[in-house]
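Enquirer: 3D model of this:
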Amino acid sequence: MSYDLDFEQELAVAAQKIRTLQKECHDDGCQQELDAAILDLHHRTQKLYANIDAWQTVQVARHKDRPYAADYISLMCDDFMELHGDRAFADDHSILAGLGKMGGNTIMFIGQQKGRSTKEKQYHNYGMPHPEGYRKAYRLMRAAEKFNVPVVCLIDTPGAFPGLEDEEHGQSTAIAENLQLMSRLRVPIVSVVIGEGGSGGALALSVADRLLMLEHSVYTVAAPEAAASILWRDKSFAPDAAKAMRISARELAQTKIIDELVPEPVGGAHHNHCLVAGYLKESLLKHLNELQNYTINDLLENRYQKYRNMGAFIRITA
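Expert: Just a heads-up that it's a prediction; the model follows:
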């Protein structure tokens, strides 16, 4: 396990001690010391991650080894066929989409893919979709509706790409059309924030019957650095912005913005891809099975009421 985040220094020292013991361990006494050190590291990690703040959660959500949409699809699906293009302009590689078989169900997966190596990041545009990416998502959601296939969206983006060309190609319109479509799509929709859920780029895939978040993910109207630049004219205030906006999954679960918090392995999803994919698969199948029991009219009415009531509060007079 690698502990390379700023707040993990104590864990990094403990992990280095374990690596040293593993190299030098040749007898039973040393093995006992090694076992105790591993158990101690596990407990320390568990304690630390039980109390991480919003900014620390941002760091975990952005971790370079965190599983991306392609990883989850590969681990959760028995079979997957990727589909390409918006049938109008181009194929946006930051949106990974297609039909997958999971738990005996055929599902339309639409995910935002970042890429791990420099070459992959450039290929996937750092997970920031162009308008054609959202139009590809729109096209495939319509296809899912036509063939009565549920939709699962895997959200992981800093935001939609803000380039001049993207604005000229109708970025805001593409996002708005997705919002409109998802609000009335006549099949079950489950969206999951698997890492970063940033701005309108994330919202464009978030209008769902069930909105889930992995335990150490974030969902926000603007990146903390952007909010800090607006409010304080200084990006160094990003931790303060993250705290003020209450963007961590745990905080959003408390405010009922999301429907379920999906657990992650101790220390974050990047420590065990297979385990977190198992947790997510179990959660997705549970919600999809529940949603399949509703009639289409009830499904649409519940979806409408979900967003109609979101943010409601009670005014208490003194």
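Enquirer: Remind me which helix or strand residue 194 belongs to.
Expert: For residue 194, the host element (DSSP states H and E) is strand 189-198.
Enquirer: what element comes up after that strand heading to the C-terminus?
Expert: Next along from strand 189-198, by DSSP H and E: helix 199-203.
Enquirer: what helices or strands is that following helix leaning on?
Expert: strand 151-157, helix 171-184 (3 or more Cβ pairs under 8 Å, 6 or more residues apart in numbering; DSSP states H and E). Bear in mind the C-beta positions are built from the backbone N, C-alpha and C, glycine included.
Enquirer: before we move on, the earlier item: next, the angle strand 151-157 makes with the strand holding residue 194.
Expert: 0 degrees (axes from the mean of the first three to the mean of the last three Cα atoms, to 10 degrees).
Enquirer: one step back: with respect to residue 39, which of the helices and strands packed on helix 199-203 lies nearest?
Expert: strand 151-157 (32.6 Å; Cβ to Cβ).
Enquirer: Note down every partner strand of that closest one and its orientation.
Expert: strand 105-112 (parallel), strand 189-198 (parallel) (DSSP bridges).
Enquirer: pull the CA atoms of the first one into PDB?
Expert: It refers to strand 105-112. Below are the C-alpha coordinates for strand 105-112, written out as PDB (Å, rounded to 0.1, in the frame of the first residue of the first chain):
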ATOM      1  CA  ASN A 105     -28.900  -7.800 -16.300                       C
ATOM      2  CA  THR A 106     -28.200  -5.800 -19.500                       C
ATOM      3  CA  ILE A 107     -27.300  -2.300 -18.500                       C
ATOM      4  CA  MET A 108     -26.300   0.900 -20.400                       C
ATOM      5  CA  PHE A 109     -23.200   2.200 -18.700                       C
ATOM      6  CA  ILE A 110     -22.200   5.800 -19.200                       C
ATOM      7  CA  GLY A 111     -19.000   6.800 -17.400                       C
ATOM      8  CA  GLN A 112     -16.600   9.700 -17.300                       C
END
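Enquirer: Now do the buried residues in it.
Expert: Residues of strand 105-112 classed as buried by neighbour count (16 or more other Cβ atoms under 10 Å): 107, 108, 109, 110, 111, 112.
Enquirer: okay, those residues in JSON lines with distance to residue 179 and pLDDT next?
Expert: Formatted as JSON lines, those follow (distance: Cβ to Cβ, whole Å; pLDDT from 0 to 100):
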{"residue": "107", "distance to residue 179": "21", "pLDDT": "97"}
{"residue": "108", "distance to residue 179": "18", "pLDDT": "98"}
{"residue": "109", "distance to residue 179": "19", "pLDDT": "98"}
{"residue": "110", "distance to residue 179": "14", "pLDDT": "97"}
{"residue": "111", "distance to residue 179": "18", "pLDDT": "96"}
{"residue": "112", "distance to residue 179": "16", "pLDDT": "96"}
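Enquirer: for those, which one is nearest residue 94?
Expert: Nearest member of the buried residues of strand 105-112 to residue 94, counting by Cβ to Cβ, is residue 112, at 6.3 Å.
Enquirer: dump the residue contacts of the closest one.
Expert: 69, 94-96, 127, 129, 154-157, 201-202, 205 (Cβ atoms under 8 Å, 6 or more residues apart in numbering).
Enquirer: can you tell me how far the residue lying closest to it once chain neighbours are set aside sits from residue 220?
Expert: Nearest non-adjacent residue to residue 112, counting by Cβ to Cβ, 6 or more residues apart in numbering: residue 157, 4.4 Å away. Separation of residue 157 from residue 220 (Cβ to Cβ, to the nearest Å) stands at 11 Å.
Enquirer: Could you check how far the spatially most central residue of the chain is from residue 108?
Expert: What sits nearest the mean C-alpha location of the chain, by Cα atoms, centre = their mean, is residue 194, with 1.9 Å. Counting by Cβ to Cβ, the separation of residue 194 from residue 108 is 17 Å.
Enquirer: again, but for residue 297
Expert: For residue 297 relative to residue 108 (Cβ to Cβ), the value is 21 Å.
Enquirer: for residue 265, same thing?
Expert: On the measure of Cβ to Cβ, residue 265 and residue 108 end up 28 Å apart.
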